[in-house]
Every structure is written in structure tokens, then in C-alpha cells.
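>>> With the sequence up front, the predicted model follows.
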Amino acid sequence: MFRNYRDILRQMEMEMQRLSDDALLSVFGPLGTAERFWQPPVDVCETEEALVVKAEIAGIQPDRINVSLSADDRMLVISGIRAEDEEDRRARVRCYQLEIYYGPFERHVALPPDIPIDRDNISATYRNGVLTVRLPKRVQEEIPATRRIPITEGERESD
């Protein structure tokens, strides 16, 4: 599952952050909003060609998902609504365990600052409850270390 020790530590760190965020939200609620937002778990990985962001958001119609990239290419925002079937909810007599979040969700994903993004070729797919956003890397032209400037013979400047 994990390729090395660093991946295990990173996964533990991300899970601890998610749990602490959930705990703070349950105590204080989302600041500045009337409704409670839930945050889907997210993976951010780099390949040779792109950054790949995967969000686990099962049970949501694709037309109820929004994905946007900030103007500075540093923040990806995934938001939407997972609606609960009203008939199923009314039919309940008693619940023994409720762990599935319904309602609006929003997740802000910080992207690495040192990777240039090709904004014109970003794509998103939704399959089997997982949203995959592919942010291709922008090809940067190699700049030579020194540049030779040619000298042309011209007329003398007048004073």
C-alpha cells in the first residue's frame, strides 16, 4: 500500500489533520456560514506530467460538483452537495449509526507552489465515487545560463 516510510508518515499526518479539522468543526461550526460543510478526503500526488488530485465523494451527481482553480494556481476548490433521499429519511424510525455526511461540502486543496500548472488543459473525471482532477504541468522553456549579445557596427552617436 505504501511505498516507503515517508508515505506512511505523510498519510498519518493527513489523517490527523482531517480528524482535528472535523473535531474543530463539530465544536465551533464553520465560521461565517449558515450551513455545516463536510470535507471529503483528498489525495494529492505528482506524476512526471501532472498533479493529480483525487476526492472521495460517492453518491453525488456530477452536475452537483464544482471544481475551480484560484487565479494564482495555488488553491483547488472542490464543492457541491450530496443530497439525502427525502423518502428514505422520512421512513426511518430509529438510527443506530450515522456516519455518512449529507448536504453541502467544500474542500480547499493547497497545491505545491513550485509546480507551474497548464491551466488550458486541466481535466476532471468522476467515476465510482471518486473525482479525479488532473492538472498538467506547464512546460517551461529552458533559459540558458548566459546569453551572448551580438555587437553590430553602426554609426557614431552625435552629442
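Looks like it came in fine.
>>> How about the most centrally placed residue in the chain: what's its closest non-neighbour residue?
In the chain, the C-alpha nearest the mean C-alpha coordinate belongs to Val109, at 3.8 Å (C-alpha atoms, centre = their mean). In space, Val109 comes closest to Leu76 once its chain neighbours are excluded; the distance is 4.4 Å by C-beta to C-beta, 6 or more residues apart in numbering. The C-beta positions use only the backbone N, C-alpha and C, and glycine is treated the same way.
>>> So that neighbour is in contact with Val67, correct?
Yes - taking C-beta atoms under 8 Å as the definition, Leu76 is a contact partner of Val67 at 7.0 Å.
>>> Quickly list what's touching both of those two.
Common contact partners of Leu76 and Val67 (C-beta atoms under 8 Å, 6 or more residues apart in numbering): Val133.
>>> So which of these two has more stuff around it?
Per other C-beta atoms under 10 Å, whichever of Leu76 and Val67 has more neighbours is Leu76, with 24 against 18.
>>> who touches that one in this structure?
Neighbours of Leu76 in contact, by C-beta under 8 Å, 6+ apart: 53, 67-70, 108-109, 111, 133, 135.
>>> helix/strand/coil for it?
strand (DSSP: H, G, I helix; E, B strand; the rest coil).
>>> so how far is Gly129 from it?
Separation of Leu76 from Gly129 (C-beta to C-beta, to the nearest Å) stands at 19 Å.
>>> swap in Arg119?
27 Å.
>>> where does the residue nearest to Val77 when sequence neighbours are not counted land in three-state SS?
Closest residue in space to Val77, ignoring its immediate chain neighbours: Ser68 at 5.0 Å, by C-beta to C-beta, 6+ apart. Under three-state DSSP, the three-state class of Ser68 is strand.
>>> I figured Ser68 was touching Gly80, is that so?
No - between Ser68 and Gly80 there is no contact under C-beta under 8 Å: 11.5 Å.
>>> which one of those two has more residues nearby?
Ranked by neighbour count (other C-beta under 10 Å), Ser68 and Gly80 place Gly80 first, with 21 against 9.
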